[in-house]
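[1] Sequence and predicted structure are below.
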Amino acid sequence: MLVKIFGSAIHGVEAITITIEVNVGQGTRFCLVGLPDNAVKESEFRIETVIKNIGYKMPRLRTVVNMAPAGIRKAGSAYDLPIALGIIAASKQVTFKRPPHDYIIMGELSLDGALRPIRGILPMAMQAKKEGFSGIILPMQNAREAAIVEGLEVFGMQSIGEVLAFLQGNADVSPMEPLPFEPGYPGEFDFSEVKGQGAIKRAMEIAAAGGHNIILIGPPGAGKTMLAKRLPTILPPLSLEEALETTRIHSVAGKLKDDTGIITMRPFRSPHHTMSDMAMVGGGSIPQPGEISLAQNGVLFLDELPEYKRSVLEVLRQPMEERKVTISRARSSAEFPATFMLVASMNPCPCGFFNHPEKKCTCMPGVVQKYLNRISGPLLDRIDLHIEVVPVSPAAFSRNLPAETSSQIRERVIAARAIQWERFAQQTSIYSNAQMNARQLHHYCRLPPDARDLLSLAMKKLQLSARAYERIIKVSRTIADLDGATDISPGHIAEAIQYRTLDRESWGRQY
């Protein structure tokens with residue numbers, strides 16, 4: 001007897017529907033075909049034990065399990081449940097009143113028949129709805145995540161016994177109700193906790209308002225990491241579309257906690273400087289998202305930037321421009337989104353005290369420039385704001401002056417983003433000024449003659465590249481949005497030029 005059960009495979013951050021065909025006929029051999037990996041092949045032993053433990057019999061006839069399409073690699077243990085159901089049904093041990101072909105069915109089995117959670121459920125549910133399936137059957141721990149998808153019935157089950165009872169019509173199971181989407185903010189940090197540093201807070205506000213990349217350079221203890229960790233508290237709230245996209249990536253990577261529905265806060269990723277190229281950009285024999293994709297719609301914070309391997313930093317260049325990364329392998333390739341804000345911090349030299357107002361730098365001649373050269377010019381060109389962080393004076397700590405809270409700064413950021421959302425309403429996949437291409441830059445950022453002359457003068461004096469020229473205009477457009485101005489003025493251009501510290505010829509040249 002032939003039975004078809006539908007499952008799903010993950011490719012990149014997308015899902016592909018898999019047809020699991022089980023046929024029990026003449027013979028004595030069990031065959032599993034359709035390009036399964038070792039984890040899928042090992043399922044034979046788990047499934048046989050489970051079928052016996054729940055009171056059914058493993059057929060001793062020839063059992064062929066085909067996973068189509070055969071040209072797509074199937075990986076992981078999530079196919080245990082559909083294969084087991086197919087074997088029980090094909091050997092005529094049960095009769096289903098609810099047709100299993102109406103559902104996508106996935107889940108890993110314990111030897112006692114309990115269902116264990118799997119990864120990548122959200123893209124599976126989205127694809128199931130797209131292809132017209134009425135529902136999805138999966139482990140209870142994954143049900144909240146799948147319930148995000150509207151118009152799809154999600155049935156969370158504890159064991160294969162519950163699934164069999166449901167499909168036989170012996171049990172009524174209510175679909176999982178989705179939780180309402182309410183964007184949130186990290187509550188453990190606030191900008192009011194930062195003493196002084198008014199100019200740096202202003203730069204962080206501009207970066208948040210326009211989605212700009214920023215690098216903070218200054219001596220140890222100046223507050224670079226403290227400021228960076230508070231940046232997510234002033235970013236605008238996640239939209240539902242952004243939350244779904246972010247959740248999908250974390251689901252594929254297996255980063256969601258059990259019973260977690262949708263990600264409500266913008267990600268803040270802070271990988272250690274000993275990480276590898278693959279950990280940063282993603283990869284593996286079965287491509288998985290890296291840190292730049294896990295930071296989708298959020299912040300990627302690289303502390304002590306020069307300490308990262310040069311190759312790790314260079315893989316950032318293309319994703320920062322194209323907002324996606326393609327992982328190519330011999331047989332296939334996978335594409336992951338990579339729309340993130342890069343926030344980096346670094347000391348100005350190995351000893352950390354170059355340009356310090358009070359302490360003397362002890363580095364040998366040429367060492368400062370050599371240290372800065374660990375970061376390539378092309379990478380610095382892609383960072384919009386270069387900010388020098390000066391230590392706060394002891395007197396500033398003793399004064400208990402009121403400081404703006406994150407919520408107050410966030411209100412201005414949200415107002416500026418609202419202008420940008422309206423500006424780019426007719427554009428696809430563009431939500432902030434930092435994402436503008438050359439054509440959009442020319443259309444939305446026309447400069448008056450006096451502003452253009454000022455920028456041309458800065459270009460000659462600082463020997464800026466064409467990319468830096470565009471970045472300055474984008475930052476000035478964000479500054480104008482924060483001011484509520486329709487046009488970019490020379491004052492906006494002048495402020496944006498000030499945020500190019502590392503482009504100054506004298507910076508980092510001691511002798």
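    The structure has been received and is ready for your questions.
[2] Which helix or strand contains Asp450?
    For Asp450, the element it lies in under DSSP states H and E is helix 449-462.
[3] So for that helix, what gets flagged as buried?
    Of the residues in helix 449-462, 451, 454-455, 458-459 count as buried by neighbour count, 16 or more other Cβ atoms under 10 Å. In short, each C-beta sits where N, CA and C put it, glycine included.
[4] quick one: contacts of it?
    Applying Cβ atoms under 8 Å, 6 or more residues apart in numbering, the contact partners of helix 449-462 are 447, 464, 469, 472-473, 476, 488-490, 492-494, 497, 500, 503-505.
[5] repeat that with 7 Å
    447, 464, 469, 472, 488-490, 493-494, 497, 500, 503-504 (Cβ atoms under 7 Å, 6 or more residues apart in numbering).
[6] and which of those is nearest Asp190?
    Asp190 lies nearest to Arg500 out of the contacts of helix 449-462, by Cβ to Cβ, at 28.9 Å.
[7] The closest one and Ile387 touch, don't they?
    No - using Cβ atoms under 7 Å, Arg500 makes no contact with Ile387, being 9.8 Å away.
[8] neighbour count winner among these two?
    Taking other Cβ atoms under 10 Å, Arg500 and Ile387 do not tie; Ile387 has more neighbours (25 against 22).
[9] which residues of the stretch 201-350 of the chain score low on pLDDT?
    Along the stretch 201-350 of the chain, segments meeting pLDDT under 70 span 258-259, 330.
[10] Do a quick rundown of the strands in it.
    Applying DSSP state E, counting those that start in this stretch to the stretch 201-350 of the chain gives strands spanning 214-217, 268-269, 282-283, 288-289, 299-302, 324-328, 333-337, 341-346.
[11] Show me what the third one is packed up against.
    Strand 282-283 is packed against strand 324-328, with contacts defined by 3 or more Cβ pairs under 7 Å, 6 or more residues apart in numbering; DSSP states H and E.
[12] Looking at the contacts of helix 449-462, which gets the smallest pLDDT?
    Note: of the contacts of helix 449-462, the lowest pLDDT belongs to Arg504, at 55.
[13] Name all residues that make contact with the residue lying closest to Ile409 once chain neighbours are set aside.
    In space, and not counting its chain neighbours, Ile409 is closest to Ile234: 4.6 Å by Cβ to Cβ, 6 or more residues apart in numbering. Listed by Cβ under 7 Å, 6+ apart, the contact set of Ile234 reads 191, 205, 208, 406, 409-410, 413.
[14] same check, this time on Tyr499
    203, 385-387, 475.
[15] roughly how far apart are it and Ile217?
    Using Cβ to Cβ, to the nearest Å, Tyr499 is found at 12 Å from Ile217.
[16] which residues do the two both contact?
    With Cβ under 7 Å, 6+ apart, Tyr499 and Ile217 have common neighbours His386.
[17] distance of Gly366 from Leu256?
    Distance of Gly366 to Leu256, given as Cβ to Cβ: 49 Å.
[18] count of neighbours near Leu300?
    26.
[19] How about it: which residues does it bridge to?
    In this entry, Leu300 is beta-bridged to Arg269, Leu342, by DSSP bridges.
[20] picking that back up, now the contacts of helix 449-462: which count as buried?
    Buried subset of the contacts of helix 449-462 (neighbour count, 16+ other Cβ under 10 Å): 447, 464, 472, 488-490, 493, 497, 500, 503.
[21] Farthest-apart pair in those residues, please.
    Once Cβ to Cβ is applied, those give Ser489 and Asp503 as the farthest pair, at 21.6 Å.
[22] thinking Ile118 is in contact with Met140, fair?
    No - between Ile118 and Met140 there is no contact under Cβ under 7 Å: 11.8 Å.
[23] Compare neighbour counts for those two and give me the winner.
    Applying other Cβ under 10 Å to Ile118 and Met140 shows that Ile118 carries more neighbours, namely 24 against 19.
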